[in-house]
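Novice: Got a sequence here, can you model it:
(chains A, B, C and D)
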2 protein chains.
Amino acid sequence: MKTQQTAEGVARPAGRPRSEKAERSIIEATLELLGEGIGVSELSIESIASRAGVGKTTIYRRWSNKEDLVVDALATLKPPIPLPQGGTVRDDLVTYLRVIQEEASHHRTRCIMNIAMSDSERHPRLAERFRELTVEPRRAVVTAVLRRGMETGELRADLDVDMALALLSGAMIWLTKWSHTGDSPADLPERIVDEALKGFRPRPSTPEL
Amino acid sequence: MKTQQTAEGVARPAGRPRSEKAERSIIEATLELLGEGIGVSELSIESIASRAGVGKTTIYRRWSNKEDLVVDALATLKPPIPLPQGGTVRDDLVTYLRVIQEEASHHRTRCIMNIAMSDSERHPRLAERFRELTVEPRRAVVTAVLRRGMETGELRADLDVDMALALLSGAMIWLTKWSHTGDSPADLPERIVDEALKGFRPRPSTPEL
DNA sequence: GCGTTGCGAAACTCAGCCGTATCGAAATCA
DNA sequence: TGATTTCGATACGGCTGAGTTTCGCAACGC
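Specialist: Okay, the predicted model is just below:
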């Protein structure tokens, strides 16, 4: 593989350059198939090549194995940043959960979440990507909201932020997954947030804040 | 297939009876493989037969397809009934979460939970089994605990029981799955329960009950 | 034009699994 | 003993997919 020198001094390999379009098609096809419910283990290079309108060689030239490809494909999933940051903490939390709920109503998102939940056991690098791409950004957003509430006094000053995040997100996922009905009711976000804000214990005096 | 009449009047088929031992080995092998992280789609009849020390025919004679076998195998998973019912509601809830935490530390349980979470999208009958075997019994137990607390006044009388259950279970799963460290800290159950009991809002007067 | 590299398509070998069939041996009852 | 059914083992044909190779063509720099 000889390289050539461009006018800008950037080394570039000789010969026909690799097609960025093909690369995009491959990634796109991978995400499509995963989004249709194909698991990572059932995902075949041939099906990706066929869907992408690409030869298998074109895939193997870029990725040496399936996991690498899937990791790269997931990396292109833009986290649809759910930055509410609007009014009260309650409203922001409800908005956050509403985003999750909305996402969970899409088949594609559910399939990809399934991969995150289940295949992460066997593919640590996938788990890593998911944390970095999806979990962490949202954790950061919600953490900021909660911290703000602790400062303004809307929330307890000694609130355990990680725990609060887990309660909210976990409840949403749990209810989405195991609800008797397929669809979750529209007021789920409000109900989760309100129960979490109130807590389970009785309130000796209710100051209606 | 002729049948014969035993002395007790129970009809029984002629010829060599089916081996219950083989049946148990097959189910056992299936659970073993699933517990090792093999997904349902990757699970092959041949690997089960080999693991069980059994001919493929012996499997096909009993189950016509893989899903049936897996469903039956899951049905033998005894729900290790976590019936605390001891002292305060707080203690019972902590005990309940501790059971979940303990289970989640076993690789086998995690793999089987992954199947429940992920393959349930494609195999509704599996999802059904899981709800019936695992989710429902526990929901019943925790629901009873919460109801008791609502009666004794340890909990709010207007508590949304389903929501409370979702907050507790969901938080546990979320933290087990996405915690930075691989292992969850030992005091996780207490922290979850206490945050959930207190709620996020500040408490105007704290009666230390 | 020439050398080089990428392209899609097709063919190839190799492996694994499916579902069925066949075998001799074993277990059961009449 | 004989009829019947199951047992584990093995083999079979067929399919799918992995990963490689080959082919003719296209795209680039020189």
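Novice: thinking A:S184 is in contact with A:A104, fair?
Specialist: Yes - under the contact definition of C-beta atoms under 8 Å, A:S184 touches A:A104, with a separation of 7.4 Å. Every residue, glycine included, has its C-beta placed from N, CA and C.
Novice: hey, what's in contact with both of those two?
Specialist: Contact with both A:S184 and A:A104 is made by residues A:T176, according to C-beta atoms under 8 Å, 6 or more residues apart in numbering or on different chains.
Novice: Give me the pLDDT value at A:H123.
Specialist: Among the per-residue scores, A:H123 holds a pLDDT of 89.
Novice: From B:D119, how far out is it?
Specialist: As defined by C-beta to C-beta, to the nearest Å, A:H123 lies at a distance of 16 Å from B:D119.
Novice: now do A:T76
Specialist: In this structure, A:T76 and B:D119 are 26 Å apart, going by C-beta to C-beta.
Novice: and if you look at A:L74?
Specialist: For A:L74, the distance to B:D119 (C-beta to C-beta) stands at 20 Å.
Novice: isn't A:V54 right next to A:S25, touching?
Specialist: Yes - distance between A:V54 and A:S25: 5.9 Å, which falls inside the contact criterion (C-beta under 8 Å).
Novice: what's the nearest residue to the residue nearest the centre of chain A if we skip its chain neighbours?
Specialist: Among the residues of chain A, the one closest to the centroid is A:T134, at 3.5 Å (C-alpha atoms, centre = their mean). In space, and not counting its chain neighbours, A:T134 is closest to A:P79: 6.0 Å by C-beta to C-beta, 6 or more residues apart in numbering or on different chains.
Novice: got a list of what the one you found touches?
Specialist: Applying C-beta under 8 Å, 6+ apart, we find A:P79 in contact with A:L133, A:T134, A:P137, A:R138.
Novice: So it: helix, strand or coil?
Specialist: Using DSSP: H, G, I helix; E, B strand; the rest coil as the criterion, the local structure at A:P79 reads coil.
Novice: Ramachandran angles for A:Y60?
Specialist: phi -60, psi -20 (degrees, to the nearest 10).
Novice: on that earlier part again, quick check, the residue nearest to the centre of chain A in contact with A:M117.
Specialist: No - the criterion here is C-beta under 8 Å, and A:T134 misses it with A:M117 at 11.3 Å.
Novice: quick one: contacts for the closest residue to chain B within chain A?
Specialist: Distances between chain A and chain B by C-beta to the nearest C-beta are smallest at A:G199, namely 2.1 Å. Listed by C-beta under 8 Å, 6+ apart, the contact partners of A:G199 are B:R156, B:A196, B:L197, B:K198, B:G199, B:F200, B:R201.
Novice: swap the cut-off to 7 Å and go again
Specialist: With contacts defined as C-beta atoms under 7 Å, 6 or more residues apart in numbering or on different chains, A:G199 is in contact with B:A196, B:L197, B:K198, B:G199.
Novice: Doesn't the second one belong to a helix?
Specialist: Yes - inclusion of B:L197 in a helix is indicated when three-state DSSP is applied.
Novice: residue ranges for the helices of chain A, please.
Specialist: Listed in chain order, the helices of chain A (DSSP state H) span A:20-35, A:45-52, A:56-60, A:66-75, A:89-104, A:107-118, A:124-130, A:136-152, A:161-178, A:188-198.
Novice: The first one vs DNA strand C: in contact?
Specialist: In other words, helix A:20-35. Yes - part of helix A:20-35 sits close enough to DNA strand C to count as contact by C-beta under 7 Å from any atom of the strand, namely A:A22, A:E23.
Novice: quick check, nearest of the contacts of A:G199 to A:L175?
Specialist: B:A196 (14.9 Å; C-beta to C-beta).
Novice: burial of that closest one, as a residue count?
Specialist: As a burial measure, B:A196 scores 25 neighbours (other C-beta atoms under 10 Å in any protein chain shown).
Novice: That one touches B:L167, doesn't it?
Specialist: Yes - with contacts defined as C-beta atoms under 7 Å, B:A196 counts as touching B:L167 at a distance of 5.5 Å.
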